[in-house]
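Student: Got a sequence here, can you build the structure:
(chains A and B)
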There are 2 protein chains.
Amino acid sequence: MQKPLLTVESLAIGDELLDGRLADGNSRDLADSLAPLGLVLSRVTAVGDDEGTIAEAVLEAAARADVVVTSGGLGPTSDDLTVQGVARAAGCAVRLDEATFARIKERFAERGLPMPDNNRRQAELPETARLLGNDVGIAPGFVTLVGGAEVYSFPGVPREYRWLRDQHLLPALSARLGATLGGVERRTLRCLGITESGLGAALEDLQRQNPDVLVQYRTSFPENHARLVVRGAAASAARADALAEEARRAIGGAVYAIGERGLAELLVAELGRRGQTLALAESCTGGLVGKLVTDVAGASAVFRGALVAYANEVKEAALGVPTALLEEHGAVSELVAAAMAEGARARLGADFAISVTGVAGPGGGTPDKPVGTVCFGLAHERGVETKRRLLLGATREMIRELAAAVALRWLLSRLERQAPAHEGPVAS
Amino acid sequence: MQKPLLTVESLAIGDELLDGRLADGNSRDLADSLAPLGLVLSRVTAVGDDEGTIAEAVLEAAARADVVVTSGGLGPTSDDLTVQGVARAAGCAVRLDEATFARIKERFAERGLPMPDNNRRQAELPETARLLGNDVGIAPGFVTLVGGAEVYSFPGVPREYRWLRDQHLLPALSARLGATLGGVERRTLRCLGITESGLGAALEDLQRQNPDVLVQYRTSFPENHARLVVRGAAASAARADALAEEARRAIGGAVYAIGERGLAELLVAELGRRGQTLALAESCTGGLVGKLVTDVAGASAVFRGALVAYANEVKEAALGVPTALLEEHGAVSELVAAAMAEGARARLGADFAISVTGVAGPGGGTPDKPVGTVCFGLAHERGVETKRRLLLGATREMIRELAAAVALRWLLSRLERQAPAHEGPVAS
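Tutor: I've put the predicted structure just below:
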């Protein structure tokens, strides 16, 4: 790891983080939001709702880092003790912020509710702290100097945490870095069908030739992403774009897009742009492909529907797959995938239909068609195509997720190749 | 929090935990596995791949806790430094374990592969450590005394981490607690349609009357679970069962099962027991209900398939919903839900069919049918029933997940009420 420009620690506070009730999502979220600034966390700590422990953890973190970000413990109940713990670490008293208290009372009055006594606690902060306004919740954030470190304290509710982080923390950090660094540009290469170490190997030369560029890797199964962060005086959109294109060439066909939008989102947008529609015929994925497409708000403009044909009789009756085909080649075969796609396209009246039929396991594998064998069909106005893949070494869940991604990516690539007058890169 | 019987800290090691690449799942997993023993973690820390930082974090944790569990940093590459860090904390050298080294070489030889030099590192451990065998991976675990604390070190790969934890850590902790405590019994009440605070209020009396029982809450949207942990000499299966039944009565209809199996799993099992089959007609859920049912391995024995009818024309053509019904009442109506369920049952040839049609948002809401309005149909041999729910205050994703759970639960409850000769509780 390079010597960091600024050291930042995350301190998550709450018993629910220690007894298994809740995972500490805020720290990872913070790490993710620091990455584009070229920063990583130097340590993450989670402690329970105890004033002495909080104070001790704040002091330890403040002794090591330039910036500490606490999350949680700002609620109205007696086990919310972050204000008290930070005040103790800063060696100051707790004060009531009258303006905040007035606004809390007002919020309750607006709803015609009496304010419970303990909500007064949410207007308190360490005497020496500076208040950070919270437009999306009751408890404000605050920043306190502890030794030489700035200690930011935010509520634990993820929506409020992110809002305060984006409004108050990131601009302050950017400003501190900006004085010496200039701007930051980032480009994300979204890949399917390449491992993280494969990505690393593909980008080795680019990294060596551009030592000032930070290359970050993220796994979001079944995808792997590489993010290029261009910092400093040399940062410019044009250089970032050029590097992203160089990275795309180095990685090859595994890159399905450069940008922040995922497979289903890109596919829905591309179909929408063309005024074309999609239907699905799913077997082993059992509805997962349709679920992914309809995760996208506004999918109804392009998505007709899906036939989930789990039983062979349903493949025959609802999709018109010939009995002879099923008997001769089995449900997991390219010929059946072709018939499923054609059946869905005709019966659901769509421009394109994708089919997926495979052995997701754990049972059902044969020497001929081991667990992980998946056949795909793609029907369009000019006919139907098929392909077969062996998705090995994965669990039932992983095989299904991978199969769904392969299906969506197939149509997306096809549409992009068909687009002669394509304006600019696929994703922003 | 009660004074703990044993203090346990988790220390996760790896740069990928600090730059946003990976969330620290092992610590939460550890917390979850300690809960049935009545233990909570007292602190969770994540640090990067730096020998000095690891040693320092181990020493700090060992000074505070009885048991420290590290995860990660046991791989073959030069940035895997947990062995070195723990050895430095223990004030000892690093030794090569010849038996482990021989086994690693053997593993490569079996596959006909040359062993890369750096895999030798995975046979190293701190001089004073005791080796803990790993049957599911290359790197063994080990336990080292640092001050008065036992420091367990496990690989970060979740599957290996869990295996070593279950084989080596949990039995050791149980033994230490068992000497003073007796056994542990736990019962999980799985609920839908009640908030965590609602659950807490419902179980307040039970908790007060049984102060020795630990009541733990877990949210797994859209479900909330309450887990009763009965410890000590009083722990017996009969007492735990009686308390679980008391809790079920106190919570009421929100409890759908007592046990470890989820909605879809219970539904697939119950249909399988009866030799009956299921079909689906999905609109707003877009395939999600089918996805949940087919997440269960072996669902093919009972699941026929689903018609995902997103477009109205598909509801007409593929499900036989009358055009007049759609025009007069709209796609989100109980009459259309009834026709969808009947159409799916007839066309997919199932004993039961469930339908879901609603407004998941963010667009598409009207004063009459705001975002969150969902209609359900349930078709069976004696006819069809419908219901309408308003699932408010949630995101598109949450409305869809909630709708899918309501649909599955409806059929599950129906089957359980129909089962006169039902043997014992629904779930183990």
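Student: make it CA atoms for all contacts and neighbour counts henceforth
Tutor: Noted.
Student: which helix is the longest one in chain A?
Tutor: helix A:396-417 (DSSP state H).
Student: Would you mark the buried spots in stretch A:208-224?
Tutor: A:V213, A:L214, A:V215, A:Q216, A:Y217, A:R218, A:P222, A:E223, A:N224 (16 or more other Cα atoms under 10 Å in any protein chain shown).
Student: meant to ask about stretch A:326-345
Tutor: Quick answer for stretch A:326-345 (16+ other Cα under 10 Å): A:326, A:331-345.
Student: now the residue nearest to A:H380 when sequence neighbours are not counted: how far from chain B?
Tutor: In this structure, A:H380 finds its nearest non-sequential neighbour in A:F352, 4.9 Å apart by Cα to Cα, 6 or more residues apart in numbering or on different chains. Distance, A:F352 to chain B, by Cα to the nearest Cα, to the nearest Å: 15 Å.
Student: do A:T144 as well
Tutor: For A:T144 relative to chain B (Cα to the nearest Cα), the value is 22 Å.
Student: Can you tell me which of the buried residues of stretch A:208-224 is closest to A:A250?
Tutor: Set against A:A250, the nearest of the buried residues of stretch A:208-224 by Cα to Cα is A:V215 (13.7 Å).
Student: Indicate the residue of the stretch 151-300 of chain A located nearest to chain B.
Tutor: A:G287 (4.0 Å; Cα to the nearest Cα).
Student: how far away is the nearest residue to that residue once chain neighbours are set aside from A:V213?
Tutor: Nearest non-adjacent residue to A:G287, counting by Cα to Cα, 6+ apart: B:G287, 4.0 Å away. With distances taken as Cα to Cα, to the nearest Å, B:G287 is found 42 Å from A:V213.
Student: quick one on the thing from earlier: format the buried residues of stretch A:208-224 as TSV; extra columns: secondary structure and pLDDT.
Tutor: Listed next are these as TSV, based on DSSP: H, G, I helix; E, B strand; the rest coil; pLDDT from 0 to 100:
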residue	secondary structure	pLDDT
A:V213	strand	88
A:L214	strand	83
A:V215	strand	86
A:Q216	strand	83
A:Y217	strand	82
A:R218	strand	80
A:P222	coil	91
A:E223	strand	93
A:N224	strand	90
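Student: where are the low-confidence patches of the stretch 151-300 of chain A?
Tutor: A:179-183, A:232-235 (pLDDT under 70).
Student: Write out the residues of it neighbouring chain B.
Tutor: Within the stretch 151-300 of chain A, the positions adjacent to chain B are A:217-219, A:284-291, A:293-295, A:297-298, A:300 by Cα under 8 Å from any Cα of the partner chain.
Student: Now that we have those residues, which of them are buried?
Tutor: Burial of these was assessed by neighbour count (16+ other Cα under 10 Å); the buried members are A:217-218, A:284-291, A:293-295, A:297-298, A:300.
Student: Among those residues, which are located in helices?
Tutor: Short answer: those in helices (DSSP H) are A:L288, A:V289, A:G290, A:K291, A:V293, A:T294.
Student: And the last one, how far from A:R28?
Tutor: Looking back up the chat, that one is A:T294. From A:T294 over to A:R28 (counting by Cα to Cα), the distance is 27 Å.
Student: same check, this time on A:G290
Tutor: 29 Å.
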